[in-house]
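Novice: Could you look at this predicted model? Sequence included:
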Amino acid sequence: MKDEIGAFIAKRGLRLETDAAKGQRTVAQREFQRGELILSIPPLFGFPKQRGEGEEGSANIECTDDRCCMCFCVLPLRHPRCSQCGVSQYCSPECLSAHWAQRHHFECLRLKAATENADYGRVKPGFRPWMRMVVGVNCAVDACAETGSRVPRWLRVQALAWARLVSHRDRHPCHILRQYEEISKVLGSPTGAVDALCRFGCNNFVATAEDDPSCAAIGHLCCPLVSLLLNHSCWPNAAYSFTRKGELVVSALEDISPGDEISLAYTDALQPRGRRRKELAAVYFFDCECTRCSGSTPHARIDELMDRDAKELLPSGLPTDFAMPAAVDSWVRTVVRELLAGDTRADALMLEVVEGQLPRDVSFAAYSHWCECQDECIDRVSADGSAQWLWPWAAAAALHVLAFYALVYPPAHPLIGHQCLKTAQLAWNALQSASKQSVADRALVKALATCAQNTLQAPALKRQASTILVLADEG
């Protein structure tokens, strides 16, 4: 059992090794091509995001369970639930059966007992899914200990990885620890419950729907193997996604050579450096020293340029008057062109393009401005069909947003694929509008749609990109 994790990942071309600075790291033992699957595994436990979760005061008020416990999709009006525990709900009989076979069969009755406990109400509503997580993880670990080789190998590996995760209990805020202790009491103070909650708190993954352009959170995943293997980088070479089959999938964002460390981003790259590092220190308890935060690489310098203060120049320093003709800055066109060329990463050229730009043009503040501009145009056209003249502005804003994505995300990042698809749709609408403003041509629309098609994994999104390609060819 001691070497089971090593043997499991070795079959997938990975090796876990010690590292003087990080403690350990995972390196590739073979080449991985950009977009190639690196690892796919069901979580040890997962729970869907509740409606109202994350809103102000949500930890103290009842949130609604309105998502499937298997795939985290929004539940239809009529939907099945587990007939034994009555806790787990599903979007379809297929998800119910799949979840039962995957892990629910050994956690079902203990979940029911936990939710029927007379003291269940003492746990704040926002923390109740975490209590179910403790029950589910303990059930999985117990099943592995009791039945050994009779459980699936992926489950044994997840349980072994769980035992190796660090809880950092002494670094969690006191108010969080008090709630963890309350959960432990309600559960009858099982051994290690507080440690388990601390371990999950600094090692969980936020699940996002692979076909959602906004990449909004739909659930939380306890996937100890991936937490154990992959360190953080603000410029990662891999990204994870959550599939409708209930699996966490890690894919390569760039070509990876044997010996290269494989890393994920634990936080959103489109934040100022100080905010990223503060979040990493507060949630994951380490100081980020990746090449983007402390190196001398082109994307580290780009990060410094993005981090400049542009508040004094906003909003008057950026165009907001939609009555003026829509226009795309020359640096934006150059950066987008390099992105769509699809060659090796053009960091040095992108840095050369943006090095001389003012903070009003290249900064996180400028990025926020163009996001707001894009969303406002889309909302106004959606609300008023006569506002078709805003399509060129929407396309221009989307191109600016895409340029910022290209500066801070690796080329094959899913968010770049989503933004390419959105920009292609808006640029096509701009071409079809009555306006004579030209911010895009058919060649650009086709290039954007092709990039989206090559980057995105969800079949529905690939079909959307294909439709745009067909329209651009026929038009």
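Specialist: Received it, and whenever you're ready, just let me know what you need. Just so it is clear, the model here is predicted, and its values are computed rather than measured. Numbering: from 1, shown residues only.

Novice: If you tally nearby residues, what's the number for Val353?
Specialist: 22 (other Cβ atoms under 10 Å). The C-beta positions use only the backbone N, C-alpha and C, and glycine is treated the same way.

Novice: Regarding it, what is its secondary structure?
Specialist: At Val353 the chain is in helix, as set by DSSP: H, G, I helix; E, B strand; the rest coil.

Novice: residue contacts, it?
Specialist: Applying Cβ atoms under 8 Å, 6 or more residues apart in numbering, we find Val353 in contact with Trp331, Thr334, Val335.

Novice: List the residues that contact the first one.
Specialist: With Cβ under 8 Å, 6+ apart as the criterion, the residues that contact Trp331 are Val353, Val354, Gln357, Asp361, Val362, Ala403.

Novice: How about it: what's its closest non-neighbour residue?
Specialist: Counting by Cβ to Cβ, 6 or more residues apart in numbering, Trp331 lies nearest to Val353, which is 5.0 Å off, once chain neighbours are set aside.

Novice: where's Cys293 relative to Glu116, distance?
Specialist: To Glu116, Cys293 is 48 Å away according to Cβ to Cβ, to the nearest Å.

Novice: Which of the two has more residues huddled nearby?
Specialist: Between Cys293 and Glu116, counted using other Cβ under 10 Å, the more crowded position is Cys293 (18 against 11).

Novice: pull the CA atoms of the helix or strand containing the more buried one into CSV?
Specialist: Element membership for Cys293 (DSSP states H and E) is helix 291-294. Only the C-alpha atoms of helix 291-294 are listed here, as CSV (Å, rounded to 0.1, in the frame of the first residue of the first chain):
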residue,chain,number,x,y,z
THR,A,291,8.1,32.9,-11.6
ARG,A,292,5.2,35.3,-12.1
CYS,A,293,5.3,36.7,-8.6
SER,A,294,9.1,36.9,-8.0
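
Novice: If you count neighbours, what's buried in it?
Specialist: Going by neighbour count (16 or more other Cβ atoms under 10 Å), the buried part of helix 291-294 is Arg292, Cys293.

Novice: Which strands or helices does the helix or strand following that helix pack on?
Specialist: Where DSSP H and E defines the elements, the next helix or strand beyond helix 291-294 is helix 298-306. Counting contacts by 3 or more Cβ pairs under 8 Å, 6 or more residues apart in numbering; DSSP states H and E, helix 298-306 packs against helix 291-294, helix 347-354, helix 391-408.

Novice: what's the most buried one of the ones you listed?
Specialist: Highest mean neighbour count among those (mean count of other Cβ atoms under 10 Å): helix 391-408, with a mean of 26.

Novice: what's the closest non-adjacent residue to Glu304?
Specialist: Arg273 is the one closest to Glu304 (Cβ to Cβ, 6+ apart), at 7.8 Å.

Novice: In the stretch 51-200 of the chain, where is pLDDT below threshold?
Specialist: The stretch 51-200 of the chain contains residues with pLDDT under 70 at 52-64, 148-149, 190-191.

Novice: let's see it at 90
Specialist: Scanning the stretch 51-200 of the chain for pLDDT under 90 picks out the ranges 51-66, 86-87, 102-103, 105-107, 109-136, 138-152, 178-179, 181-193.

Novice: same question, the stretch 251-400 of the chain
Specialist: In the stretch 251-400 of the chain (pLDDT under 90), the answer is 268-271, 291, 293-297, 299, 307-328, 341-351, 356-361, 365-366, 368-369, 380-392.

Novice: the strands in it, which residues?
Specialist: For the stretch 251-400 of the chain, applying DSSP state E, counting those that start in this stretch gives strands covering 263-264.

Novice: Which one of the helices and strands packed on helix 298-306 lies nearest to Lys112?
Specialist: Using Cβ to Cβ as the measure, helix 391-408 is the one of the helices and strands packed on helix 298-306 that comes nearest Lys112, at 45.1 Å.

Novice: tell me how far that closest one is from the chain's mean position?
Specialist: Using Cα atoms, centre = their mean, to the nearest Å, the mean C-alpha position of helix 391-408 is found 20 Å from that of the whole chain.

Novice: Tell me the helices and strands packed up against the helix or strand following it.
Specialist: Later in the chain than helix 391-408, the nearest helix or strand by DSSP H and E is helix 414-432. Contacts defined by 3+ Cβ pairs under 8 Å, 6+ apart place helix 414-432 against helix 391-408, helix 442-455, helix 459-474.

Novice: could I get those helices as JSON lines with distance to Thr423?
Specialist: Below are the helices and strands packed on helix 414-432 laid out as JSON lines (distance: least, Cβ to Cβ, whole Å):
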{"stretch": "helix 391-408", "distance to Thr423": "4"}
{"stretch": "helix 442-455", "distance to Thr423": "5"}
{"stretch": "helix 459-474", "distance to Thr423": "10"}
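
Novice: out of the ones you listed, which comes closest to Arg150?
Specialist: helix 459-474 (35.2 Å).

Novice: neighbouring contacts of that closest one?
Specialist: If you take Cβ under 8 Å, 6+ apart as the criterion, helix 459-474 is touched by 211, 417-418, 421, 424-425, 428, 442, 445-446, 449-450, 452-453, 456.

Novice: are any of these buried, and which?
Specialist: Buried members of those, counted by 16+ other Cβ under 10 Å: 211, 417-418, 421, 424-425, 428, 445-446, 449-450, 452-453, 456.

Novice: What is the most widely separated pair among these?
Specialist: Asp211 and Lys446, at 22.1 Å, using Cβ to Cβ across the buried ones among the contacts of helix 459-474.

Novice: Leaving out chain neighbours, which residue sits closest to the most centrally placed residue in the chain?
Specialist: In the chain, the centroid-proximal residue (Cα atoms, centre = their mean) is Thr208; its distance is 5.6 Å. Nearest residue to Thr208, sequence neighbours excluded (Cβ to Cβ, 6+ apart): Cys215, at 4.5 Å.

Novice: Same question for Ala465.
Specialist: Leaving aside its sequence neighbours, Ala465 sits nearest to Gln453 (Cβ to Cβ, 6+ apart; 3.9 Å).

Novice: Next: Asp441.
Specialist: Leu431 (7.6 Å).

Novice: Against Asp375, how distant is the one you found?
Specialist: In terms of Cβ to Cβ, Leu431 sits 21 Å off from Asp375.
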